[in-house]
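Trainee: got a predicted model here, sequence first, then my questions.
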2 protein chains.
Amino acid sequence: MAGRKQFDVDEALRLAMHVFWRWGWSEASIDRLTEGTGLGRSSLYSTFGDKSTLFQKSLLRYAQSYHPLYEEALTGPHSDPSAVITAYLRVTLNRIADPTVPDGCLLTMSAAQFPALDAAGQATVRTMIDTLRAMLEQALLAAGADENEAAELALCTLATNKSLAVLSRVGFSSDDLETVAATASRVRRSDHGVRPGDG
Amino acid sequence: MAGRKQFDVDEALRLAMHVFWRWGWSEASIDRLTEGTGLGRSSLYSTFGDKSTLFQKSLLRYAQSYHPLYEEALTGPHSDPSAVITAYLRVTLNRIADPTVPDGCLLTMSAAQFPALDAAGQATVRTMIDTLRAMLEQALLAAGADENEAAELALCTLATNKSLAVLSRVGFSSDDLETVAATASRVRRSDHGVRPGDG
DNA sequence: CGCATCTTGCACCGATCGTTTCAACATGCG
DNA sequence: CGCATGTTGAAACGATCGGTGCAAGATGCG
């Protein structure tokens, strides 16, 4: 039962990364990590150090194994920026649709971490969008644009709101955050006739 | 020391919500909640129920107290959709800049939950953007557009990536996610001469 | 084989987790 | 006052947390 290592270190790290993605930092207990990797506690600690160190290595492993997937889908040469973005986000969407593989972010709370987002909570979130949508509808009408775009813009604005929260917590600068917000504000701008600098 | 309640229930709930925002679900222990609200354990449990119930109520309270802030900044009537979006995201940015108030998302992991996002982790994230930026630079050059836009587009695409992860975990439909991704792909499309349906 | 070296499983550590219990106390009503 | 009702602080519950110690077992080398 002992002697030389009876497992592949890199595969074990991949499995550990998966546990962290599935459960998040706090809910990924040592017991869950040992179960998910198949290693014993001693092997886990002697190979990867304590939980913090293991999480660091998992994060690095995640980032390194993550981007090649996108590169694979985005083989050059590229001539259309929109196509690049579309292909990139398509990979994210496909991965999100598959609940068995890590999606585009290791740093959001896992479902196990907010046990209480029930129907009432969902409705509350919807209400938040609806208020924004109503304002956008009004503005689109006043600008002579298609008011049916309001729902789409409201959704995307909320999405930007969430991304700002994530990026700030990951450590992006306020300049970067400003850039994201400014670009989101320019979405489809030319479609409803507002020129740069307006507003 | 007892008799009638010696605290304001709504204010206590507000403080509890703040603790959940600051620490996240897992790291918001009962001790931290009692310290943050000023209540004893008995008062907390008898007033709000167990931790899950308290989190539900905090989430609702968060959503309800959150949107009025945006409405306040977005007094109508509105005539410019971009201005509405800009004002909305401006509130988010201002709140993120202030570390003492809840920002735009209660469901991202707090800083206390990933103790290992050090310089190495930051650099890894940067590498992920740089790869995307290089592809976009190539595409922008081929399309005859300004390649300096690549960094901005890469950042915003990553932002969309993160927002998709959050929205999916909150329970948004795949249709909604598709909408967000499609809109992100159209960002500044008309600026570099790519028509709808290309690619 | 003899021995050093490494790995593994298991028990165990103190600390903290969410939750419950309970006695002491303050109030409102008769 | 007497008593029911409700609140408060504090102690304690079992469970689980991250982490360690250690003996048993397996290997490589002489």
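Mentor: Arrived safely. Numbers count the residues shown, from 1 in each chain, chains lettered A, B, ... in the order given.
Trainee: could you use CA atoms for every contact and neighbour count after this?
Mentor: Noted.
Trainee: per-domain residue ranges of chain A.
Mentor: Taking automatic domain parsing as the domain assignment, the ranges for chain A are A:9-109, A:116-192.
Trainee: columns mean neighbour count on top of those, output as CSV?
Mentor: Putting these into CSV (neighbours: other CA atoms under 10 Å in any protein chain shown) gives the following:
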stretch, mean neighbour count
domain A:9-109, 18
domain A:116-192, 19
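Trainee: need those domains in a markdown table with distance to chain B, can you?
Mentor: Written out in a markdown table, the entries for those read as follows (distance: least, CA to the nearest CA, whole Å):
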| stretch | distance to chain B |
| --- | --- |
| domain A:9-109 | 4 |
| domain A:116-192 | 4 |
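Trainee: among these, show the one with the smallest mean pLDDT.
Mentor: Per-stretch mean pLDDT for the domains of chain A is lowest at domain A:116-192 (a mean of 81).
Trainee: near DNA strand C, anything from that one?
Mentor: No - no part of domain A:116-192 sits near DNA strand C under the criterion CA under 7 Å from any atom of the strand; the closest distance found is 12.0 Å.
Trainee: roughly how far is that domain from the heart of the chain?
Mentor: Centroid displacement of domain A:116-192 relative to its chain, using CA atoms, centre = their mean, to the nearest Å, is 17 Å.
Trainee: kindly report the same for stretch A:44-54.
Mentor: Relative to the centre of its chain, stretch A:44-54 is centred 26 Å away, using CA atoms, centre = their mean.
Trainee: and DNA strand C, is that stretch touching that?
Mentor: Yes - with CA under 7 Å from any atom of the strand as the threshold, stretch A:44-54 lies in contact with DNA strand C, specifically through residue A:46.
Trainee: output that stretch in CSV with nothing but the alpha carbons.
Mentor: What follows is stretch A:44-54, C-alpha atoms only, in CSV (Å, rounded to 0.1, in the frame of the first residue of the first chain):
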residue,chain,number,x,y,z
LEU,A,44,-2.5,15.3,-0.4
TYR,A,45,-0.6,17.3,2.1
SER,A,46,2.8,15.8,1.3
THR,A,47,2.3,16.4,-2.4
PHE,A,48,0.6,19.8,-2.6
GLY,A,49,1.0,21.4,0.8
ASP,A,50,-1.9,22.9,2.8
LYS,A,51,-5.3,23.9,1.4
SER,A,52,-4.2,27.4,0.4
THR,A,53,-1.3,26.1,-1.5
LEU,A,54,-3.4,23.5,-3.2
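Trainee: hmm, that stretch touching DNA strand D?
Mentor: Yes - under the criterion of CA under 7 Å from any atom of the strand, stretch A:44-54 makes contact with DNA strand D via A:45, A:50-52.
Trainee: which of these fall in helices?
Mentor: With helices identified by DSSP state H, the entries of the residues of stretch A:44-54 next to DNA strand D that belong to them are A:45, A:51-52.
Trainee: ok, so of the residues of stretch A:44-54 next to DNA strand D, who is nearest residue A:75?
Mentor: Residue A:75 lies nearest to residue A:52 out of the residues of stretch A:44-54 next to DNA strand D, by CA to CA, at 35.5 Å.
Trainee: distance-wise, check that closest one relative to residue B:66.
Mentor: Using CA to CA, to the nearest Å, one gets 34 Å for the distance from residue A:52 to residue B:66.
Trainee: and what of residue A:29?
Mentor: Here residue A:29 is placed at a distance of 33 Å from residue B:66 (CA to CA).
Trainee: correct me if wrong: residue A:40 contacts residue A:32.
Mentor: No - counting by CA atoms under 8 Å, residue A:40 does not reach residue A:32; the two are 10.9 Å apart.
Trainee: contact partners for the spatially closest residue to residue A:15 that is not a sequence neighbour?
Mentor: Using CA to CA, 6 or more residues apart in numbering or on different chains and skipping the chain neighbours, the partner closest in space to residue A:15 is residue A:37 (5.3 Å). Contact analysis of residue A:37 by CA atoms under 8 Å, 6 or more residues apart in numbering or on different chains lists A:12-13, A:15-16.
Trainee: dump these to JSON lines, plus distance to DNA strand C and secondary structure.
Mentor: As requested, the contacts of residue A:37 are arranged in JSON lines below (distance: CA to the nearest atom of the strand, whole Å; DSSP: H, G, I helix; E, B strand; the rest coil):
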{"residue": "A:12", "distance to DNA strand C": "11", "secondary structure": "helix"}
{"residue": "A:13", "distance to DNA strand C": "13", "secondary structure": "helix"}
{"residue": "A:15", "distance to DNA strand C": "15", "secondary structure": "helix"}
{"residue": "A:16", "distance to DNA strand C": "15", "secondary structure": "helix"}
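Trainee: so which residues on chain A come close to DNA strand D?
Mentor: Within reach of DNA strand D by CA under 7 Å from any atom of the strand, chain A has these residues: A:1-4, A:26-31, A:41-42, A:45, A:50-52.
Trainee: mind running it again at 10 Å?
Mentor: By the rule CA under 10 Å from any atom of the strand, the part of chain A lying against DNA strand D is A:1-6, A:25-34, A:40-46, A:49-55.
Trainee: go through these and flag which are in helices.
Mentor: Using DSSP H, the residues of chain A next to DNA strand D in helices are A:25-27, A:30-34, A:41-46, A:51-55.
Trainee: with that, I have no additional questions.
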